[in-house]
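Enquirer: here is the input, now give the coordinates:
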Amino acid sequence: MNSYLDAALQAGALTPLARFFARFLADKYRRDEDDILVLSAALVSERNQQGDVCVDLRRHAGAPWFGNDAGAETPRAPELSQWLRELAADAAVGRPGEVAPLILEGERLYLHRLWQFEQQVSAAIQARLESPPALDEARLSSALARLFPAGDSGLDWQKIASALAVSQRFAVISGGPGTGKTTTVVKVLALLLEQHPGMHIRLAAPTGKAATRMEEAIRQRKAGIDIAGELRARIPEQASTLHRLLGFNGRRFTHHRRNPLPLDCLVVDEASMIDLPMMARLLTALPDPARIILLGDRDQLASVEAGNVLGDITGHGRPIRYSAAQARRLATLTGAPPETLPAGDAPPVADAIGLLRTSYRFAAGSGIGQLARRVNAGEAEAALALLRHDPSAQLVWHDSDEQAISSDAVAWAVRQYGEYLRCDEVGAALDAFEQIRVLCALRSGPFGVDEVNRIVGERLRAQGLIEGGEECHGKPLMITVNDYEIGLYNGDIGLLWRDAHGELRAWFRAADGQLRDIPLRSLPGHVPAWALTVHKSQGSEFERVLLVLPFEAASPLLSRELIYTGITRARRRLRVSASAQALLQGCRERVRRSSGLAQKLGWAETP
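Expert: Next comes the predicted model:
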C-alpha cells in the first residue's frame, strides 16, 4: 500500500528529492513513513527546493503537510507545541552547533547544511561590522566634496552611500533602476584608492551577463570622475562570475577559508540574485581584513535557489535608519545637516546600508517609473488604473484571456523583432535585438516562455522573416550552462547568422564590444530567446519590453517582486499582457521565504 508520501509525490505536491530524503531518514532511524520526523524531513527538503532556507514551524503547524492535493483526508502537521516537543526529543534533530541531519533553532527547522550556511553568513557580516577599517576622515571628507559637488536637490544619497561604503568592511548599496548604483560604486572605488593606492580590487557578479554589463558600466563611468590619472587606471574594468572568482571546477571551489581570495576589496553587482549557499562561500573565502560591497535592488526578485539574502540583510523593504553615532559620522563626512539623515532604532547592519532614493532614469511623469513605484508599494488598483491610462504614453495594456497571450501583444512582438531580422549584418542585428524583449513570469503553460517562443517563431516564419528548420538564420538563443573553455556562460544571448561564406554560426558580443562567432557544433546547451523568464532577465535592460503574466491570479510564482522586476527591465516603453485579476493579485502578494538570517542580523520578525 502506498504511503502518504508516495501519494503526495504522485499528486505533484512533493518532489522526488524530498521523497528520497524522507525515505533515507526513515531507513536510517528505523521509522515508519508516517512518523513526524520523516514527514518533517520531507517538508524541509521540499520547502528548500521552493526557495525557503528553513521551515517556520509556526506557519505550518496544524496545516496539511504538503497542501491539499490529497483532498479532505490529507494528514496535517501537529500543533506547534507538540511538534516542537517531538522534534526536540528526536535523535535525528540537533540543536544549533550540533551535527545532525536536521537542526531545530527556536521555531525553525533546517537541513544541517543550510543552517550552517546561514550561520556563516550572519557571523561573517557581524564580524566585519565590528571591525571598521582605518580611515583618514579629513581626506575622505575633502574627496567626497570634490566628487559630489553641492546641488540644490536636498540630500545627495549617492554621497551618503559612498561615505558609508568607504568607512565599512561590509556595505550594501541598494537602489532601483537609474538611481546610480554603478556611478556611486565607481566613485567609492576612487575614494578607496585615494585612501589606499595599492588596494587590490576585484569585480564580480552572479552571471556572465551581469558581469559583462558591470564591465561596460564601469568602463563608461570611470572616465568622467575627478581623480588622478594613475588612480583612475587602477579602477578595475574586468568582472568575473562568482563561480569563476571562487575557482569552481565543476566539483569543488578552489578558494575557501583555508585558501582565501587574494584581494583587499570585492564589489559584487546584482546581489539580489545570490542564494544563501553562494553568499556563504563568498564571505568565508574573503581574507579577514578585506572589504566587500554588495550592489543590488532589494525590491527585485530573490535568487532562484534557497534564500533571499539581500532582502534579509536590508530588512525586506523596511525604512533604513542609522544609529545616532552613524548619522553624526555621515553628517561630518558629507556636510549634510545631521537632522536630515534618517536616524532611530535599527539593527547594526542598517549602518552598513546605503539606500539610493532618486531615479535619474525615470522622470516624475514617467509611466514606467510611476508603475514600478505603485507596484512596489502594493498599490494594486492604482497600478492597474495607470496601465489603462498612462498620460506619458510609455505604457500599453493588453488584457489577455484564459486561453493564450493577447494576439495584439504577439503581433507587436513580431513587428519589433522584424527590425533586427531585416538588418544586413550581424553586429547591427545584435544591437537591434538587444533593444527588445518579451519577458514571461512562467516557463511553461500557455503564458510561459516555451509557448511564447514557439508562437513568435511560427509567426516570424509565416511572414517570411526567418526560414529553415530549428536552427535557422536570425534565431536568437540563450546559453543555459557555463562553458569556461569556450567562454560562454549561463544567460549569454547570441544570434544564429550566416557569415560571408553562407555558413550558419552563432554570434555573440564580447565584453569589449567585439563580435565573436562560434560553430554550431561547439555551442553549449541553449534555448530560443525571443522570450525569457523575468528571472533570467535580471541584470539586463531593454528599450522596449513586453511583460507577459499568467491569466490565473492564483499562480504561486506571481508576486509583487516579479512584476516590479519585469517592469524595471524597460527603459522607454512597456507593454503588459495579463488579466486584471492577475495583476491585482500579483501586486498584493509578497515573496515570503522562511529564513532566520534577518533575525540573526537584528531585524524584527516580519509580521
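
Enquirer: what's the span of stretch 474-492, first residue to last?
Expert: 16 Å (CA to CA, to the nearest Å).

Enquirer: please identify the buried residues of it?
Expert: By neighbour count on 16 or more other CB atoms under 10 Å, the buried set for stretch 474-492 is 474-479, 482-483, 488-492. All C-beta spots, glycine's among them, are computed from the backbone N, C-alpha and C.

Enquirer: with stretch 365-376 instead?
Expert: Those would be 366-376, for stretch 365-376 by 16+ other CB under 10 Å.

Enquirer: how about stretch 11-30?
Expert: So stretch 11-30, judged by 16+ other CB under 10 Å, has buried residues 13-15, 18-19, 21-23, 25-26.

Enquirer: residue ranges in the chain under the pLDDT threshold?
Expert: 1-2, 68-73, 151-153, 364, 511, 553-554, 606-607 (pLDDT under 70).

Enquirer: tell me what the longest strand seen in it is packed against?
Expert: Using DSSP state E to define each element, the chain has its longest strand at strand 570-578. Judged by 3 or more CB pairs under 8 Å, 6 or more residues apart in numbering; DSSP states H and E, the packing partners of strand 570-578 are helix 367-376, strand 395-399, helix 407-421, strand 542-548.

Enquirer: quick one on the thing from earlier: nearest to residue 453, of the buried residues of stretch 365-376?
Expert: residue 368 (24.7 Å; CB to CB).

Enquirer: look up how far residue 545 lies from the closest one.
Expert: Look at residue 368 and residue 545: by CB to CB, to the nearest Å, they are 9 Å apart.

Enquirer: helices of the stretch 501-607 of the chain, residue ranges please.
Expert: 534-537, 560-567, 580-588, 597-600 (DSSP state H, counting those that start in this stretch).

Enquirer: for those, which one sits closest to residue 385?
Expert: helix 580-588 (10.5 Å).

Enquirer: what's next to that closest one, contact-wise?
Expert: 374-375, 378-381, 383-384, 387, 399, 549-555, 558-560, 562-563, 576 (CB atoms under 8 Å, 6 or more residues apart in numbering).

Enquirer: give me the buried subset of those residues.
Expert: Neighbour counting by 16+ other CB under 10 Å classes 374-375, 379-380, 383-384, 387, 549-553, 555, 558-560, 562-563, 576 among the contacts of helix 580-588 as buried.

Enquirer: if we can go back for a sec, in helices only, show me the buried residues of stretch 11-30.
Expert: 18-19, 21-23, 25-26 (DSSP state H).

Enquirer: ok, those residues vs residue 460, which is closest?
Expert: The nearest one, if we look at these relative to residue 460 and count by CB to CB, is residue 18, at 40.9 Å.

Enquirer: state the distance from the closest one to residue 278.
Expert: Residue 18 is 22 Å from residue 278, by CB to CB.

Enquirer: which residues touch residue 326?
Expert: Residue 326 is in contact with 164, 343, 351, counting by CB under 8 Å, 6+ apart.

Enquirer: out of those residues, who has the most neighbours?
Expert: Among these, the one with the most neighbours (other CB atoms under 10 Å) is residue 164, at 24 neighbours.

Enquirer: so for that one, what's the nearest residue that isn't a sequence neighbour?
Expert: Spatial nearest neighbour of residue 164, excluding adjacent residues (CB to CB, 6 or more residues apart in numbering): residue 354 at 4.7 Å.

Enquirer: repeat that for residue 558.
Expert: Distance criterion CB to CB, 6+ apart; nearest residue to residue 558, sequence neighbours excluded, is residue 586 at 4.1 Å.

Enquirer: if we can go back for a sec, among the buried residues of stretch 474-492, list the two that are farthest apart in space.
Expert: 474 and 482 (25.7 Å).

Enquirer: assess the claim that residue 357 and residue 178 are in contact.
Expert: No. Counting by CB atoms under 8 Å, residue 178 is not a contact partner of residue 357; they are 11.5 Å apart.

Enquirer: between the two, point out the one with more neighbours.
Expert: Between residue 357 and residue 178, counted using other CB under 10 Å, residue 178 has the larger neighbour count: 19 against 15.

Enquirer: next, give phi and psi for that one.
Expert: When read as degrees, to the nearest 10, the backbone of residue 178 gives phi 80, psi 10.

Enquirer: tell me the SS of the nearest residue to residue 475 once chain neighbours are set aside?
Expert: Sequence neighbours aside, residue 496 is the residue nearest to residue 475 in space, at 4.5 Å (criterion: CB to CB, 6+ apart). Here residue 496 is recorded as strand under DSSP: H, G, I helix; E, B strand; the rest coil.

Enquirer: for residue 496, give its distance to residue 466.
Expert: 9 Å.

Enquirer: quickly list what's touching both of those two.
Expert: 472-475.

Enquirer: list the helices and strands the lengthiest helix in the chain packs on?
Expert: The single longest helix within the chain, with elements called by DSSP H, is helix 112-129. Applying 3+ CB pairs under 8 Å, 6+ apart, one finds that helix 112-129 contacts strand 54-56, strand 102-105, strand 170-175, helix 276-284, helix 597-600.

Enquirer: just the helices in the stretch 51-200 of the chain please.
Expert: Going by DSSP H, counting those that start in this stretch, the stretch 51-200 of the chain shows helices at 57-60, 80-88, 112-129, 137-147, 157-166, 181-195.

Enquirer: same check on the stretch 351-500 of the chain?
Expert: Under DSSP H, counting those that start in this stretch, the stretch 351-500 of the chain gives helices at 367-376, 380-388, 407-421, 426-433, 449-462.

Enquirer: deepest-packed of those, please.
Expert: Of all these, helix 367-376 carries the top mean neighbour count, a mean of 23, counting by mean count of other CB atoms under 10 Å.

Enquirer: can you list contacts of stretch 502-522?
Expert: Here stretch 502-522 makes contact (CB under 8 Å, 6+ apart) with 211-212, 215-216, 238, 426-427, 430, 434, 471-473, 477, 486, 488, 492-499, 523.

Enquirer: do stretch 338-346 as well
Expert: Contacts of stretch 338-346 (CB under 8 Å, 6+ apart): 154-155, 160, 319-324, 326-328, 330-331, 602.

Enquirer: now, of these, which are buried?
Expert: 155, 160, 320-323, 326-327, 330-331.

Enquirer: out of these, who's nearest residue 102?
Expert: Of the buried ones among the contacts of stretch 338-346, the one sitting nearest to residue 102 (CB to CB) turns out to be residue 320, at 34.8 Å.

Enquirer: show the contacting residues for the closest one.
Expert: Taking CB under 8 Å, 6+ apart, one finds 314, 342, 346, 350, 353, 355 in contact with residue 320.

Enquirer: dump the residues you listed to a markdown table, plus distance to residue 84 and neighbour count.
Expert: Converted to a markdown table, these look like this (distance: CB to CB, whole Å; neighbours: other CB atoms under 10 Å):
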| residue | distance to residue 84 | neighbour count |
| --- | --- | --- |
| 314 | 30 | 27 |
| 342 | 38 | 14 |
| 346 | 31 | 20 |
| 350 | 31 | 25 |
| 353 | 34 | 25 |
| 355 | 37 | 20 |
